[in-house]
Structure formats: structure tokens, C-alpha cells
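In: Compute the structure for the input listed below.
(one chain, ligands or ions: 1)
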Amino acid sequence: MANLRIPGPTPIPDNVREALSAQMINHRGPEYAALLGRVTEGLRPFFRTEHDILIYTCSGTGVMEAAIVNTLSPGDRVLAVSIGSFGDRFGTIAEVYGADVTRLNVEWGMAAEPDVVGAALRAAPGYKAVLITHNETSTGVENPIEAIAEVVHAESDALLLVDAVSSMGCVPVETDAWGLDLIVTGSQKGWEVPPGLAMAAVGPRAWQAFESATMPRFYLDLGKHRDYAAIGQPPWTPAVSVMYGLDVSLKRMNEEGADAIFARHAAAAARVRGQMEALGLQLFADPRYASNTITAVSVPDGVDGKALTATMREEHDVVIAGGQGKLAGQIIRFGHLGWFQQRDLDEAVEALRASLITLGYQVPAAASV
Ligand SMILES: *Cc1c(COP(=O)(O)O)cnc(C)c1O
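Out: Below you'll find the model as predicted:
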């Protein structure tokens, strides 16, 4: 079995794989209502919210779209803060639905500094919403979301819509305490289950916006998800099997404990960054904001990025990600999120070292894993 070190889908534990194969149930019956209740409460220690947590059957992009179409109207002014390709996507979704989008684009590899966001809000008051990525998976950068949220609420009345697809469940997120009005994540990143489900936490200010938002929506309607959740049902047929898996993974995650999981991710990320630097590789992210779920490094001069990922896959059965969009061929990305053992990560780093040598790279003499 390949050592899958991409930033999602991520490997899943054996007991989750077993749960996925269970027989179907009626998604409008009492067993499903109990399952939905357990899963929702199992998510709560990671979302850190007292408000609604709603479960969608779609990928992360679907629930990003849900965040927009349920809170905004065509013509609303939106500040789309982007530090990479997922941030760009968030802004594009808003544009597609007719929002008046102003883009605040930050150089890839850097974070959005709170004072820069504050200045953008002061420069053109009246934004209805700020869109932001918590952890930018394309560059391996984690935005300082707590400080950004503080600035957004101090400088404006804008709603804060947060894409936490690749961070929630892996790093601390204080949805209520930080004032994150609507925050979304996807099952295949930090949650130890396959793709198919996405989750949204919706606070009071987002519900208030929902009441008057006129963007078209049907499948993604938040109100339908809320009203059905109140009777223990999904509005539409859900990914029942992934729900079975999530029930099991959340039990495991809550046994490990949120704080222990966050510490495991932080420690693994620090170790990987050290290992990369020991190999003489340049970290792509601003070190002050390096992600704890994914590490991006520049492909060294003289090495072909495509050949590097291919060599790792073909000769070592280790699968890592290359760069997205304009970073294709320039960086490699190494996932350390969700369910992993330290040994998996160390073996992948060793495979990287061996593959670099195969491709003619001179590893610094001191480098050992
Ligand atoms: C993976 C990811 C998405 C998109 O999720 P899909 O499930 O592929 O639709 C969005 N944002 C971030 C930050 C991601 O890492």
C-alpha cells in the first residue's frame, strides 16, 4: 500500500475502513438520527462552537460555495483575501454568483498580515463579507486567523467566511471565541475518513445574513440543512458510508483528544521542516506562518519536480503532491495531517532523500533522517 502523503485524501484507520462497508440504513429512520447526533457532537470539540454544525454531502469546494450563496446577494461587496490557489477559488465562487469582489492577493508563500487586511477594509468601507483561507494547502501557509478575525471585526461589520478545509481537526480553531461567522471543512483532509462529506459551522451573524441573502441556492441551502437536522435527518440522501466512518474516526479522535491531536500535528510539522532543511531544501512558506498540516519546499535547482514525485512514487511507493497552478514543477508538498504515524512521515522523508540523490542532487553531508 502506498504511503500517501498528499494533503487529502489522507489515509484512514482500519476500523474506519471496516465501518465503511457496513450495510445501508434508512437515512430517515431513528438509526440515522442517532448517528447524525453523535457525529455532530463528536465534531464540536474541534469546531469549538456552541452554534450549528451542519453536515453536507459534497466536497470542500461545495461547502465553500454554500458559505457564499447562503449569506450574500448579487452585487454585495466582498473582500477576497488570497494567499494561494484555494483563496483564489473562494473569490472566484463569489464572482460567479455575482458578488462585487475586491481581491487582496498576497504573494504566494506569505501569509495575510492582519494590518494589511485592516488597511484594505479601511481603504474601502462597506464590505459585506471577507473571504479567507485558514490553511492555504497550495503553499503550506497558515494564516494568523485569530488576529485577522480581530481586525475584521474591529474595522468593519463584514461577515467572516473561513475555508478551514485543510486545518480543522488538526490545529486549534476557536470558532466562537474568535468570531468566525461561518467556517467550513471537508472530510478527506483532517478527519480520517474518505471524501464525500463537508461540514459548516454557522454562527448567529451568518444566520442573520442568511435571512436576507438572495444568491440562488437549492442543494446547498443552509436553512434546509438546519431544519432537517432539527428532526435528525439530512435534506437529501447523504454519503451514509462516510457517516459510518466519521462516527468511528471521531470516537478515536476524541479519545486521543483535540489538544493531543493538535500537539501531534505541531510536532510532526516541526520535525518535517527540520528534516527538509537538513536535506538542504528551502521551505516555501514564510517560517512564521508555516502550516502544521502540510509542508511545501522548493524543488532544488537542477532537479525536475515532475521526475522527483514520479521517482518517489515508482521507486519508493511514496506519493507526495507537486505544486498547483503557477507553482507546478516548482515546489513539492508533503502532507502530515489526519491519521499518521511518525514512522510514515520519516519513511517518506527518507524516500525523498533517496529520490533526490537518484536525480543527481547533492545532499548535504550532515543530512540523515
Ligand atoms: C482541499 C481543499 C479545498 C477543496 O476541497 P475539495 O474537497 O477538493 O473540493 C478547499 N480549500 C482548501 C484549503 C483545501 O485544502
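In: Mind pulling the model confidence for residue 365?
Out: Looking at residue 365, its pLDDT stands at 76.
In: Equivalent analysis for residue 325, please.
Out: pLDDT, residue 325: 88.
In: For the remainder of this discussion, apply numbering that starts at 49.
Out: Got it, first residue is 49 now, which makes that one residue 373.
In: Regarding residue 70, what is its secondary structure?
Out: coil (DSSP: H, G, I helix; E, B strand; the rest coil).
In: any idea how far the residue of the stretch 99-248 of the chain at minimum distance from the ligand lies from residue 344?
Out: Distance from the ligand to each residue of the stretch 99-248 of the chain (C-beta to the nearest ligand atom) is smallest for residue 108, at 2.6 Å. All C-beta atoms are positioned from the backbone trio N, CA, C, and that covers glycine. Note on residue 108: its distance to residue 344, by C-beta to C-beta, to the nearest Å, is 19 Å.
In: The ligand contacts on the stretch 99-248 of the chain?
Out: Proximity of the stretch 99-248 of the chain to the ligand (C-beta under 6 Å from any ligand atom) is limited to residues 107, 108, 109, 134, 181, 183, 185, 211, 213, 214, 234, 237.
In: among those residues, which two are most distant?
Out: 107 and 183 (16.4 Å; C-beta to C-beta).
In: Between these two, point out the one with more neighbours.
Out: Neighbours around residue 107 and residue 183, counted as other C-beta atoms under 10 Å, are more numerous at residue 183. The numbers are 31 against 17.
In: which residue packs closest to residue 63, ignoring adjacent ones?
Out: residue 296 (5.5 Å; C-beta to C-beta, 6 or more residues apart in numbering).
In: The residue of the stretch 99-248 of the chain closest to the ligand: what's it in contact with?
Out: 211, 213, 232, 233, 234, 236, 237, 246 (C-beta atoms under 8 Å, 6 or more residues apart in numbering).
In: could you dump the residues you listed to TSV with distance to residue 189?
Out: Converted to TSV, the contacts of residue 108 look like this (distance: C-beta to C-beta, whole Å):
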residue	distance to residue 189
211	13
213	14
232	18
233	17
234	18
236	20
237	16
246	22
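In: State the pair within the residues you listed that is farthest apart.
Out: 211 and 236 (14.5 Å).
In: before we move on, the earlier item: are any of the contacts of residue 108 buried, and which?
Out: Buried by 16 or more other C-beta atoms under 10 Å: 211, 213, 232, 233, 234, 236, 237, 246, out of the contacts of residue 108.
In: Let me know how buried the closest residue to the last one other than its chain neighbours is, in neighbour terms.
Out: It stands for residue 246. Leaving out its chain neighbours, the residue that sits closest to residue 246 by C-beta to C-beta, 6+ apart is residue 111, at 3.7 Å. Taking other C-beta under 10 Å as the criterion, the count of residues near residue 111 is 24.
In: try residue 332
Out: As a burial measure, residue 332 scores 24 neighbours (other C-beta under 10 Å).
In: Contact partners for it?
Out: Listed by C-beta under 8 Å, 6+ apart, the contact set of residue 332 reads 157, 187, 188, 344, 345, 346, 379.
In: got JSON lines for the residues you listed, with secondary structure, neighbour count and pLDDT too?
Out: Formatted as JSON lines, the contacts of residue 332 follow (DSSP: H, G, I helix; E, B strand; the rest coil; neighbours: other C-beta atoms under 10 Å; pLDDT from 0 to 100):
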{"residue": "157", "secondary structure": "coil", "neighbour count": "20", "pLDDT": "98"}
{"residue": "187", "secondary structure": "coil", "neighbour count": "32", "pLDDT": "98"}
{"residue": "188", "secondary structure": "coil", "neighbour count": "30", "pLDDT": "98"}
{"residue": "344", "secondary structure": "strand", "neighbour count": "29", "pLDDT": "98"}
{"residue": "345", "secondary structure": "strand", "neighbour count": "21", "pLDDT": "98"}
{"residue": "346", "secondary structure": "strand", "neighbour count": "18", "pLDDT": "98"}
{"residue": "379", "secondary structure": "strand", "neighbour count": "26", "pLDDT": "97"}
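In: Which of these sits closest to residue 64?
Out: Closest approach to residue 64 among those (C-beta to C-beta): residue 188, at 26.1 Å.
In: re the thing from before, and which of the residues of the stretch 99-248 of the chain next to the ligand is nearest residue 198?
Out: Checking these one by one against residue 198 (C-beta to C-beta), the nearest turns out to be residue 181, at 17.4 Å.
In: about what we covered before: who's the closest spatial neighbour of the residue of the stretch 99-248 of the chain closest to the ligand, skipping the chain neighbours?
Out: Per C-beta to C-beta, 6+ apart, closest to residue 108 is residue 234, 3.2 Å.
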